[in-house]
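predicted model and sequence below, questions to follow.
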Amino acid sequence: MEKRRVRFAPSPTGPLHMGGVRTALYNYLYAKQVGGDFILRIEDTDSTRFVEGAEEYIIEALRWCGILPDEGVDADGRIVETPSEKHPHAPYRQSQRRGIYRQYADYLVEHGFAYYAFDTAEELAAMRAEAEAQKRTFTYNWQTRTQLRNSLTMDAAEVQRRLAEENNWTIRFKMPEDRIVSMDDMIRGHIEVNTNTLDDKVLWKKADELPTYHLANIVDDHLMEVTDVIRGEEWLPSLPLHYLLYEAFGWQDVQPRFAHLSLLLKPDGKGKLSKRDGDRLGFPVFPLKWVNAEGEVTRGYREDGYYPEAFVNLLAMLGWNPGTEQELFTLDELTKAFSLERVVKSGARFNPDKAKWFNQEYLRQRTTEQLVADFRALNGDKLAGFDDKFVGGVLDMMKERAHFAFELWDLTSFFFEAPQSYDEASVNKFWKDEVKEIIPQVRTYLEGVASFDKDTLENGLHELISGNEWPMGKVMNTLRLFLVGVSKGPGIADMMAILGKQEILSRIDNAIAKLG
RNA sequence: GGCCCUGUCGACUAAGGGUUCAGGUCGCGGCCCUCUCAAGGCCGAAAUACGAGUUCGAAUCUCGUCGGGGCUACCA
């Protein structure tokens, strides 16, 4: 089989949405599975929607996820502008390929597949409004084009004059009359559409000297020898046009195969997942943090504390499954297991809780060394006086409770700082006369323990308390309160063993002094 | 409105006409463990949108209805 070549072709109109990352991921997995190439192409034919920094964001997001393209981006993470052996189809930015497209648009006009149109946007908008008022649908196609201002209705001289003098004309595709376009989608199967429901799409804009998406996309996919197009479902309605364009160019025998992915839906209510949902429900919708021109900050998975492996994993499982009960996959495992046949056809509602669960699983898989590094990166100054062995011991004991590394400080702070205050409800509950008499005796016992390890302390404390018929719960909870300040944390003996005798005795003394 | 896609527990999904009074995971509830909080273990509630048809047999095939999504720009 020929080498598979797939592409991810986003527009730099803002930060890349997590749905876009998923599309990129599926392309990557599909290509890598068979040793194919993953290409990045920037579709920036609409200069009015260009957003500064968006292109860099896209590349950085892919890099963070570990799915950087083979072609289109250089080692420094820049879009390639000059052809080379590794990047033969450069430039990979459509705005820099403007010289390429015109000949293809002209070809279509010369061979009767397209025509020049001189209607203004205002005229067409007015016609659409009028049609709507009459509860009709205005479609620019064979039924209406003969009454409109275009090269089909004007004489050749007039057309030439307008082409030379006017600056706002377009080239439109001449959608055939009453034809069934028969298409295949790798996920959805066979699809048929009647061309009567389609309109004469604009392929070229004189004002910009640039093609629109449809033309640029087909031409570039062909020129870049793309074999498979995996893209979002929003492109499905354009598929007949794309088929017809391949046919018009005579490329139908080498046209790519298509797969249209369903969209990501909001966690609740109706509609597709949007930035608003993230703000409203408290989760990121974008891979990385983004600050727009107005200084408005949008949160990202990376900055929210997600591991890229977890993010990739959760994205992969949103609309695909391996057919087994396995849910945790490395990128390599995904590459081996992935198949378009197992991509789900219906839209996937995003579930933030499950996203957190994925991160928790990845946090648990981290080695102690990795976790210590994560933890120090977040809490450096507070940990200055503690060595890796101590920090690692604390984290090993507590990591099971965290979904994110940033939660670890709240979970473990009492190992690094003695409590400054004591939870009032717990004090009222446990610090009673009976216990006030017992605690000093426990302190005396602790002071005399020769081997201050977990098992010795655990057994010793239990024997001491039950031997004296003291109330186990009250005594232990009081000790916990004195050591931690609140009613939470690991086992008392575990804590004592890690903190050491001096620290334990000092915390007990402080608490007694403070609470009286 | 028109066109296209789509419809299994609250969510992600499995089951490709009989092996299914529908399985797993997240979430939810309960119990156990226990010095607290977690974690863990065990158990539980929870779905084939609806209606016809095909068939000995339908979650699975067909049609209709309803729901959801997308497109309907000189945006991508």
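Happy to help now that I have it.

please report the distance of A:Asn194 from A:Thr212.
Between A:Asn194 and A:Thr212 the computed distance is 23 Å (CB to CB, to the nearest Å). C-beta coordinates here come from the backbone N, C-alpha and C atoms, glycine included.

and the helices in the stretch 51-200 of chain A?
Ranges of helices in the stretch 51-200 of chain A, per DSSP state H, counting those that start in this stretch, are A:54-65, A:98-110, A:121-133, A:156-165.

any idea which of those helices gets closest to A:Gly232?
helix A:54-65 (14.9 Å; CB to CB).

do the closest one and RNA strand B meet?
No - judged by CB under 7 Å from any atom of the strand, helix A:54-65 makes no contact with RNA strand B; its nearest approach is 11.0 Å.

mind listing what's buried in that helix?
Across helix A:54-65, burial judged by 16 or more other CB atoms under 10 Å covers A:54-55, A:57-62, A:64-65.

for RNA strand B, what is the nearest residue in the stretch 151-300 of chain A?
At 2.9 Å from RNA strand B, A:Lys270 is the closest residue in the stretch 151-300 of chain A, using CB to the nearest atom of the strand.

give me the contact list for stretch A:79-97.
When contacts are defined by CB atoms under 8 Å, 6 or more residues apart in numbering, stretch A:79-97 is touched by residues A:39-45, A:47, A:55, A:59, A:71-74, A:210, A:216, A:220, A:223-225.

what's the span of that stretch, first residue to last?
This stretch, stretch A:79-97, spans 13 Å end to end (CA to CA, to the nearest Å).

now that stretch, how far from the chain's geometric center?
Offset of stretch A:79-97 from its chain centre (CA atoms, centre = their mean, to the nearest Å): 26 Å.

quick one: average pLDDT of stretch A:321-337?
If you average the pLDDT over stretch A:321-337, you get 96.

that one vs RNA strand B: in contact?
Yes - using CB under 7 Å from any atom of the strand as the criterion, contacts between stretch A:321-337 and RNA strand B involve A:321, A:323, A:325, A:327.

farthest-separated two in those residues?
Applying CB to CB across these, the maximum distance is between A:Gly323 and A:Glu327, 12.1 Å.

what's around A:Pro308, how many residues?
By the criterion of other CB atoms under 10 Å, A:Pro308 has 18 neighbours.

now do the one 4 residues further on
Residues within reach of A:Val312, counting by other CB under 10 Å, total 27.

so who does it touch?
A:Val312 neighbours (CB under 8 Å, 6+ apart): A:25, A:65-67, A:331, A:334.

then A:Trp251?
Contact analysis of A:Trp251 by CB under 8 Å, 6+ apart lists A:His222.

and it, how far from A:Leu244?
11 Å.

give me every residue in the stretch 351-500 of chain A lying close to RNA strand B.
Counting by CB under 7 Å from any atom of the strand, the stretch 351-500 of chain A sits next to RNA strand B at A:351, A:353-354, A:356-357, A:400-401, A:458, A:462, A:472-473, A:476-477, A:480, A:487-494.

need the buried residues of helix A:54-65 in TSV with pLDDT, can you?
Compiled in TSV, those are given as follows (pLDDT from 0 to 100):
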residue	pLDDT
A:Ala54	96
A:Glu55	97
A:Tyr57	97
A:Ile58	98
A:Ile59	98
A:Glu60	98
A:Ala61	98
A:Leu62	98
A:Trp64	98
A:Cys65	98
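
wait, which of these is closest to A:Gly467?
Relative to A:Gly467, the closest of the buried residues of helix A:54-65 is A:Trp64; by CB to CB it sits at 57.8 Å.

my guess is the closest one contacts A:Phe286, does it?
No - the criterion here is CB atoms under 8 Å, and A:Trp64 misses it with A:Phe286 at 11.2 Å.

would you mind listing what in the stretch 101-250 of chain A touches RNA strand B?
A:119-121, A:124, A:128, A:135, A:137, A:139-140, A:168-170, A:188-189, A:191-194, A:197, A:199, A:202, A:205-207, A:212-213, A:233-238.

list only buried entries from those.
By neighbour count, with 16+ other CB under 10 Å, these hold A:119, A:139-140, A:169-170, A:188, A:191, A:193, A:199, A:202, A:205, A:212-213, A:233, A:235-236, A:238 as buried.

so which of those residues are in strands?
The strands, defined by DSSP state E, take in A:170, A:191, A:193, A:202, A:205 from those.

per-residue pLDDT of A:Met1, please?
Looking at A:Met1, its pLDDT reads 64.

helix or strand for A:Leu464, which one?
Counting by DSSP states H and E, the element that carries A:Leu464 is helix A:454-467.

chain center to the very next helix or strand once past that helix: distance?
Using DSSP H and E, the helix or strand that follows helix A:454-467 in sequence is helix A:472-484. Distance of helix A:472-484 from its chain centroid, counting by CA atoms, centre = their mean, is 45 Å.

name the helices or strands packed onto helix A:472-484?
For helix A:472-484, the packing partners by 3 or more CB pairs under 8 Å, 6 or more residues apart in numbering; DSSP states H and E come out as helix A:424-430, helix A:433-448, helix A:454-467, helix A:492-499, helix A:501-515.

any idea which of these gets closest to A:Glu2?
Of those, nearest to A:Glu2 by CB to CB is helix A:492-499, at 60.2 Å.

quick one: work out the angle between that closest one and helix A:433-448.
Comparing the axes of helix A:492-499 and helix A:433-448 via axes from the mean of the first three to the mean of the last three CA atoms, to 10 degrees yields an angle of 40 degrees.

which stretches of chain A have low pLDDT?
A:1 (pLDDT under 70).

show me it divided up by domain.
Following automatic domain parsing, one gets these domains for chain A: A:97-261, A:418-515.

so can I have CSV of the ones you listed showing distance to A:Met18?
Below are these laid out as CSV (distance: least, CB to CB, whole Å):
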stretch, distance to A:Met18
domain A:97-261, 12
domain A:418-515, 34
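
so who does A:Tyr137 touch?
Not Tyr; residue A:137 is Thr. By CB under 8 Å, 6+ apart, the contact set of A:Thr137 is A:Ala131.
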